[in-house]
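Engineer: one predicted model, sequence on top.
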Amino acid sequence: MKNFPHISLFEELNAIETPFYLYDMNLLNRTLNKAKEAADKRGYFIHYALKANNNNPLLIAIRERGFGVDCVSGNEVSKALEMGFSPDTIDFAGIGKTDEEIETALNAEIFSLNVESIEELEVIDEIAGKIGKIANVSLRINPNIDAHTHKNITTGLSENKFGLDLTMLPKLVDRLHAFKNVELKGLHFHVGSQILDLNVFKELAQKASQLNHYFYNQGFKFKHINMGGGLGVSYKNPSNESIVDFEAFFKVFEENLSLPQGMKVHFELGRALVAQSGILITKVVFVKKGLTKKFLILDGGMTDLIRPALYQAFHLTENISREEVSETYDVVGPICESTDCFGENLVLSTSYRGDLVAIYTTGAYGQVMSSKYNMRDKAKAYYVANGILYTEKDYVHAINAEKE
């Protein structure tokens, strides 16, 4: 209970059907402001990684800060446009863009398609020619950097499904002049997610500078360089580390990027912007006594938050109904999978059937990755702003009323 910031709303929350996601809009706005302040002072531009969370209230707040959007599907491009983001702030990454998705992006005249293979570049050039468009393209290069993160979210090493390998650059350079329907706008990098070691970004900045110099010497003068994202957050201490140090993050690039004058620097941040604003609220269904341990069985499971099952990810978990003598539990969900486990040997207040349990730092890659496996209903979302609890519809209405 000591970490839960909305205890004054406990009775209202206890009346809501669980599980549900609870978003702290005041914390989100403070986080966005800190990121914008640190980026603006250096002339950097942020694209929000839409895959992290696509809830409308969050996207409204992000759009109002003047951020762009980083998309990884045609539907995400359409969503960004629907939410009012300007096409010239939208980039589109992803290794498997379909013809239809490419055409959607070309017709919208977005900022950039981030190309991840020579084969993709050939298809983009062909489609652009057929529909009479010039494709704005950036080249995603794998700088062969170890992000020192979970192997399933490392994306910048050689022989990876993402990006163009360094060994392919001479062949790529030889081919680039042959494409008549693309305009090369920039370079793009992304080495992984949940990166806490800033030295990884220092190495990235230095290698990116070298690679841009390589292309410059080949006659390619790019207008921008996209350094990707991947900045991690604290999953163990969310209440005391609720906003990441954006100043330190951007300072690494300021001190280690060496680029031609006038070249714009872009980033794509997701988790660092929205993760701490979200909490999954779930309820104890049973406390089951095993032979040597106790199982805390919740009504929320891997269908609501898959990160622990998928990445063995840790999320701080807390009983918010009571503060009693602590006990040790395996905290599990109701799904018919042995991997439906939020954590083993977790210490919580002594828990009882009907207690509410909060699982923190779920604003990124939480609700957006949910499913209806076992025919389970998806968790709804609620929003807290200035101590008031809202549904999505009521929250959007309230912020629109403030603007009138």
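Structural biologist: Thanks, I have the structure now. This one's a predicted model, so the numbers in the text were calculated from it and none came from an experiment.
Engineer: which strands or helices does the longest helix along the chain pack on?
Structural biologist: Longest helix in the chain, counting residues (DSSP state H): helix 198-217. Packed against helix 198-217 by the contact rule (3 or more Cβ pairs under 8 Å, 6 or more residues apart in numbering; DSSP states H and E) you find helix 169-176, strand 182-188, helix 246-256. In short, each C-beta sits where N, CA and C put it, glycine included.
Engineer: buried residues in that helix?
Structural biologist: Within helix 198-217, the residues that count as buried by 16 or more other Cβ atoms under 10 Å are 200-201, 203-205, 207-209, 211-212, 214-215.
Engineer: low-confidence ranges, the stretch 301-404 of the chain, go.
Structural biologist: The stretch 301-404 of the chain contains no residues with pLDDT under 70.
Engineer: which stretches of it form strands?
Structural biologist: 317-319, 326-332, 341-349, 356-359, 380-385, 388-391 (DSSP state E, counting those that start in this stretch).
Engineer: okay, those in a markdown table with mean neighbour count and distance to I118 next?
Structural biologist: Below are the strands of the stretch 301-404 of the chain laid out as a markdown table (neighbours: other Cβ atoms under 10 Å; distance: least, Cβ to Cβ, whole Å):
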| stretch | mean neighbour count | distance to I118 |
| --- | --- | --- |
| strand 317-319 | 22 | 46 |
| strand 326-332 | 19 | 46 |
| strand 341-349 | 17 | 42 |
| strand 356-359 | 24 | 43 |
| strand 380-385 | 20 | 41 |
| strand 388-391 | 15 | 48 |
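Engineer: E119: which of those is closest?
Structural biologist: Nearest to E119, of all the strands of the stretch 301-404 of the chain, is strand 380-385, at 38.9 Å by Cβ to Cβ.
Engineer: that older thread, nearest to K288, of the strands of the stretch 301-404 of the chain?
Structural biologist: Nearest to K288, of the strands of the stretch 301-404 of the chain and by Cβ to Cβ, is strand 326-332 at 8.8 Å.
Engineer: can you list the strands that that closest one pairs with?
Structural biologist: Sheet pairing of strand 326-332 (DSSP bridges) gives strand 294-298 (parallel), strand 341-349 (antiparallel).
Engineer: about what we covered before: looking at the buried residues of helix 198-217, spot the one nearest K288.
Structural biologist: V200 (41.8 Å).
Engineer: thinking again about what came up before, in CSV: the strands of the stretch 301-404 of the chain, plus distance to N107.
Structural biologist: Output for these, formatted as CSV (distance: least, Cβ to Cβ, whole Å):
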stretch, distance to N107
strand 317-319, 45
strand 326-332, 47
strand 341-349, 43
strand 356-359, 41
strand 380-385, 31
strand 388-391, 35
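Engineer: looking at those strands, which is nearest to T18?
Structural biologist: It is, among the strands of the stretch 301-404 of the chain and with distance given as Cβ to Cβ, strand 356-359, at 7.2 Å.
Engineer: that closest one packs against which elements?
Structural biologist: helix 10-14, strand 278-289, strand 317-319.
Engineer: which neighbours in the sheet does it have, and how are they oriented?
Structural biologist: strand 278-289 (antiparallel), strand 317-319 (antiparallel).
Engineer: residues touching stretch 85-103, excluding its own?
Structural biologist: Stretch 85-103 has contacts (Cβ atoms under 8 Å, 6 or more residues apart in numbering) with 45, 47, 63, 67-74, 76-77, 80-81, 105, 108-114, 116-117, 120, 123-124, 127, 131, 138, 140, 161-162, 188, 190, 226, 266, 268.
Engineer: buried only: go through the residues you listed for me.
Structural biologist: By 16+ other Cβ under 10 Å, the contacts of stretch 85-103 give 45, 47, 63, 67-74, 76-77, 80-81, 105, 108, 110-114, 116-117, 120, 124, 127, 138, 140, 162, 188, 190, 226, 266, 268 as buried.
Engineer: okay, domains of the chain per the record?
Structural biologist: Split into domains by automatic domain parsing, the chain comes to 7-21+276-403, 42-269.
Engineer: thinking again about what came up before, highest mean neighbour count out of the helices and strands packed on helix 198-217?
Structural biologist: strand 182-188 (a mean of 21; mean count of other Cβ atoms under 10 Å).
Engineer: which one of the domains of the chain has the poorest average confidence?
Structural biologist: Here the lowest mean pLDDT among the domains of the chain goes to domain 42-269, at a mean of 93.
Engineer: pull up the distance across that one, start to finish.
Structural biologist: 16 Å (Cα to Cα, to the nearest Å).
Engineer: same question for stretch 214-221.
Structural biologist: For stretch 214-221, the end-to-end distance is 10 Å (Cα to Cα).
Engineer: possible to save the buried residues of helix 198-217 as CSV with distance to V396?
Structural biologist: Putting the buried residues of helix 198-217 into CSV (distance: Cβ to Cβ, whole Å) gives the following:
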residue, distance to V396
V200, 38
F201, 35
E203, 42
L204, 37
A205, 39
K207, 43
A208, 39
S209, 43
L211, 43
N212, 42
Y214, 47
F215, 44
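Engineer: ok, back up a step: distance to G333 for the helices and strands packed on helix 198-217 - can I get that in TSV?
Structural biologist: Below are the helices and strands packed on helix 198-217 laid out as TSV (distance: least, Cβ to Cβ, whole Å):
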stretch	distance to G333
helix 169-176	46
strand 182-188	37
helix 246-256	34
